[in-house]
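Engineer: Sharing a sequence plus its predicted fold:
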Amino acid sequence: MMAAEDATAKVNLYLHVIGRRADGYHLLDSLAVFAGAADGLSVLPGQSLSLEVLGPEGGALATEPDNLVLRAARLLADAAGRPLPGAALRLDKRLPVASGIGGGSADAAAALRALDQFWDLGMGAVRLEALATSLGADVPVCVASRPARMGGVGDILSPAPRLPPFGLLLANPRLALATPRVFAGRVGPFSAPATLPAGWTDAAAMAAALRTLRNDLEAPAIALCPPVGEVLSILGALPGALLARMSGSGATCFAVFADGAAAARAAGALPPGWWRWGGHARS
Ligand SMILES: C[C@](O)(CO)[C@H](O)COP(=O)(O)OP(=O)(O)OC[C@H]1O[C@@H](n2ccc(N)nc2=O)[C@H](O)[C@@H]1O
Ligand SMILES: Nc1ncnc2c1ncn2[C@@H]1O[C@H](COP(=O)(O)OP(=O)(O)OP(=O)(O)O)[C@@H](O)[C@H]1O
């Protein structure tokens, strides 16, 4: 018996910071979508619970004392409330770490899904999402890894507007940004939540609406890491780019294209040395 799940990159098409809770966490309004870029997570029978990290971005996690994958596995095992067989987890890490596309969150969600199958727990999406909340604000949306509107601190999910097919280009200048520092650098009044239509019929209409919205973490991210501003200028100037914006707390930025082929072509035009991915957004 084995189980395998993709842990897909999350992109915040807009992100409004609309308030702050007493515990310091920020209240958000965001539209999350998912790209084809992904880490891979597999589970095989093992003596105990173990994790092996491989892949081009795995080195960044070599000194990670508490990988989110193992935290997710322990949480699920506790929730099951009965002794469970060992599981040998293998993470193929391809998404840059601490880069605003929720790689760790996606890994944790993939671990919940894979182990729910492997241990035959039958938890299902609703109970996995409830468990996911305690692993991080971004983990619940990664359980289904489908477009969703994020509210609360990111953990209250509601349906996204009907989205047209569109292409996404992700670009990271290989600079890490710590999420707490970016939130702490945000100044000024809070934003209002966005007013969204029931859906958009094509990518250009979606991008036009998104251009009236923003990522409120862009300014503090650029203050901490000025190259993010250059990434945004380069993405915005690519032929066919309908919108360029930062995702999450950065430093990964994205551009929206009419289709996946245009986004994949544009990936080839980015400066050497940047991490990039271009293709269709998942629907
Ligand atoms: C910015 C986003 O990427 C948007 O999708 C997410 O909200 C971040 O989600 P995440 O990385 O899963 O965040 P967590 O691991 O829960 O929190 C990391 C830190 O970010 C800050 N944080 C996070 C989420 C939130 N709504 N408000 C915050 O102020 C807090 O300082 C927190 O200690
Ligand atoms: N499997 C994992 N993959 C990535 N990071 C992990 C993992 N396990 C633990 N971490 C820790 O979590 C931190 C945040 O990682 P992640 O890649 O999810 O950030 P992010 O892309 O900024 O996420 P978000 O968009 O949710 O803010 C890392 O700096 C690392 O210390």
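Structural biologist: Cool, the structure landed. Ligands and ions are numbered 1, 2, ... in the order given.
Engineer: Give me the phi and psi angles of residue 45.
Structural biologist: Torsion angles at residue 45 (phi, psi; degrees, to the nearest 10) stand at phi -60, psi 140.
Engineer: How about residue 278?
Structural biologist: Dihedral pair for residue 278: phi -130, psi 140, per degrees, to the nearest 10.
Engineer: residues from this protein in reach of ligand 2?
Structural biologist: 61, 64, 67-69, 97-105, 107, 138, 179, 248-249 (CB under 6 Å from any ligand atom). C-beta here means a position set from N, CA and C on the backbone, and glycine is covered the same way.
Engineer: Now, these that are in helices?
Structural biologist: 68, 69, 103, 104, 105, 107, 179 (DSSP state H).
Engineer: thinking again about what came up before, please convert the buried members of the residues of the chain next to ligand 2 into ChimeraX selection syntax.
Structural biologist: Buried subset of these, written as a ChimeraX selection, criterion 16 or more other CB atoms under 10 Å:
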select :61,67,68,69,98,99,100,101,102,103,104,105,107,138,179,248,249
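Engineer: for this protein, what spans make up the helices?
Structural biologist: Counting by DSSP H, one finds helices in the chain at the ranges 68-80, 103-118, 124-132, 139-144, 179-184, 203-211, 218-224, 227-236, 260-267.
Engineer: would TSV of those helices with mean pLDDT and distance to residue 197 be doable?
Structural biologist: Listed next are the helices of the chain as TSV, based on pLDDT from 0 to 100; distance: least, CB to CB, whole Å:
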stretch	mean pLDDT	distance to residue 197
helix 68-80	97	35
helix 103-118	97	28
helix 124-132	95	26
helix 139-144	97	21
helix 179-184	96	29
helix 203-211	98	7
helix 218-224	98	24
helix 227-236	98	24
helix 260-267	98	23
